[in-house]
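K.L.:
Pasting the sequence and the predicted model now:
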Amino acid sequence: MKANRAYELIVTKGNRLDLNRIDHLEILELDSGEVVLFWDTLRNQTGKLARALKRDLAQLEGDAFVAKWRRYEPGT
């Protein structure tokens, strides 16, 4: 099953007036409602990361998507 059928990308942007704002990107597993991957990013990194995640959600199978992006998750 394609990853975009099993997971959803949620982007939460911080205070838009803060030049050093922190945005949050989460990958939510639709079946369980649990966050399986997350990143805190600076405002200038958010768009690029979100586009890459969306591209892989559309192209990769669910397990391959999680395996690929888990290695980029902070703390792993």
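P.N.:
Everything's here; your move. Everything numeric in this text was worked out from a predicted model, so none of it was measured.
K.L.:
Let's verify the residue with the largest distance to the centre of the chain: helix, strand, or coil?
P.N.:
Distance from the C-alpha centroid of the chain, by Cα atoms, centre = their mean, peaks at residue 17 (22.9 Å). Following DSSP: H, G, I helix; E, B strand; the rest coil, the label given to residue 17 is coil.
K.L.:
Quick check: pLDDT value at it.
P.N.:
Per-residue pLDDT puts residue 17 at 87.
K.L.:
can you check residue 76 too?
P.N.:
For residue 76, pLDDT reads 56.
K.L.:
who's in contact with the longest helix along the chain?
P.N.:
Secondary structure of the chain per DSSP state H: the longest helix is helix 43-59. Residues outside helix 43-59 that contact it (Cβ atoms under 8 Å, 6 or more residues apart in numbering) are 2-4, 7, 9, 11, 13-14, 19-21, 23, 25, 27, 39, 41, 65, 68-69. For every residue, glycine as well, the C-beta is placed using N, CA and C.
K.L.:
ditto for stretch 23-30
P.N.:
Contacts for stretch 23-30 (Cβ under 8 Å, 6+ apart): 5-14, 34-43, 45-46, 49-50, 53, 66, 69.
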